[in-house]
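Trainee: this is the structure alone, sequence omitted:
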DNA sequence: TTAATTATACCAACTAGTCTGTTTATTTTT
DNA sequence: AAAAATAAACAGACTAGTTGGTATAATTAA
């Protein structure tokens, strides 16, 4: 055996992600990554067989973290499973709180970043993105299902697109927050989604 | 005098915009633009003094069209000015209809595209983007003001961020629509925003 | 020692941008 | 009206630097 390459690899991934969100993927050169990570070309191509391989790995790591966090949120609110409406609202509130804690605009989401230069990425990567988004849809849809069962909907609204709205608002808020350089926007926008759900599912008890 | 360069310039702008939304700005080379536009380097650099100049012009044209369309929408709904709630809903509905007519995902918004590779653009360009977004905010805020005057809000909600939500949802929906390759998403998402407004401002008649 | 990791020099392809010269339509002069 | 002059619009070879990627030598830790 020999020495541990994990710190190097992790550094490359962390710095790359930052650079990609600042410059775009095509706008980020390997040399820039080397400079920020304080490594050399040999090290980079030892850990990643190509720049495309880095793109794939970045998305793998990002989506894994994103979906792990989704699962955490589902688990954290699982105690409210008997009151689906409350559980749903709590779930959204968790992300409101998370975003409210930001002191600078959220640096951005790789789903959004990659979607604005789609030609740079393989179908495999694009499928990873759509799978992740559909996982969010499914999670929200399940919570909505339960809520609809116990509370009527105040007005007819499409369930699938309502589930999507959570991610839609996140993605849109990241963009506007960055464009206006206002870190508060994302939390405010999610709060409106919570309001919408509260109005849609009126209290029963 | 000599021959008319406008068709050439317009072709460059149209093809560039498409390419930038497909590849990102940094991911689009001048040579690619030449190929798609069927012109040569001489022609390109006759019309634009640099690639950065193209970026600026692209944004100038895009934001001008975007804000002109906003003004059209305001004018088209001006007849309902006596019923602010109805006017607001009509305004949103106009964009719902517009997006519902799409048969492929909306190719994307330059505000979003540029925001995901901010380092590529000058402060002047970024200011143009934030000014455009703030113009949207102002327009929606004015309609909301009038609506709040005549109809109470069913629940307390922040007016400024509510105004922002229109653009937030558009930007987010463009991304998710592209990622899932589903053209219907944008209209559906705007419909939910309309629902939210309807619930927030109950009818008084 | 030896396998794992990192450094450095290098390459071919591509990059934005320049340069000189040509084409084309209009204007001026005769 | 026809020839000559003018200037805008365009063509395409060329340059200096950058790109992603490779080859190989040198270190490092187990």
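Mentor: All right, it came through fine. Everything numeric in this text was worked out from a predicted model, so none of it was measured.
Trainee: okay, CA-based contacts and neighbour counts for the rest of this
Mentor: Will do.
Trainee: flag every residue of chain A that's near DNA strand D.
Mentor: A:1-4, A:26, A:28-31, A:41-42, A:45, A:49-52 (Cα under 7 Å from any atom of the strand).
Trainee: which among those count as buried?
Mentor: A:26, A:28, A:30, A:51 (16 or more other Cα atoms under 10 Å in any protein chain shown).
Trainee: using a markdown table, lay out those together with secondary structure, distance to residue A:197 and pLDDT.
Mentor: Rendered in a markdown table, the data for those read as follows (DSSP: H, G, I helix; E, B strand; the rest coil; distance: Cα to Cα, whole Å; pLDDT from 0 to 100):
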| residue | secondary structure | distance to residue A:197 | pLDDT |
| --- | --- | --- | --- |
| A:26 | coil | 39 | 95 |
| A:28 | coil | 40 | 95 |
| A:30 | helix | 45 | 92 |
| A:51 | helix | 43 | 94 |
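Trainee: adding distance to chain B, write those out as JSON lines.
Mentor: Below are those laid out as JSON lines (distance: Cα to the nearest Cα, whole Å):
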{"residue": "A:26", "distance to chain B": "5"}
{"residue": "A:28", "distance to chain B": "9"}
{"residue": "A:30", "distance to chain B": "14"}
{"residue": "A:51", "distance to chain B": "14"}
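Trainee: what helix or strand is residue A:199 on?
Mentor: Applying DSSP states H and E as the criterion places residue A:199 in helix A:185-200.
Trainee: and that helix, what's its mean pLDDT?
Mentor: pLDDT averaged over helix A:185-200 equals 98, rounded to a whole number.
Trainee: just the angle between it and helix B:185-200, please?
Mentor: Angle, helix A:185-200 to helix B:185-200, by axes from the mean of the first three to the mean of the last three Cα atoms, to 10 degrees: 60 degrees.
Trainee: helices or strands next to helix A:185-200 in the packing?
Mentor: In this structure, helix A:185-200 makes packing contacts with helix A:84-100, helix A:159-180, helix B:159-180, helix B:185-200, judged by 3 or more Cα pairs under 8 Å, 6 or more residues apart in numbering or on different chains; DSSP states H and E.
Trainee: what mean pLDDT does the second one get?
Mentor: Here the mean pLDDT over helix A:159-180 is 98, rounded to a whole number.
Trainee: what is it packed up against?
Mentor: In this structure, helix A:159-180 packs against helix A:123-150, helix A:185-200, helix B:110-115, helix B:123-150, helix B:159-180, helix B:185-200, with contacts taken as 3+ Cα pairs under 8 Å, 6+ apart.
Trainee: and those helices: which comes nearest residue B:87?
Mentor: In terms of Cα to Cα, the element of these nearest to residue B:87 is helix B:123-150, at 7.8 Å.
Trainee: for the closest one, buried residues please.
Mentor: Neighbour counts using 16+ other Cα under 10 Å place B:125-126, B:128-130, B:132-133, B:136-137, B:140-144, B:146-148, B:150 of helix B:123-150 among the buried residues.
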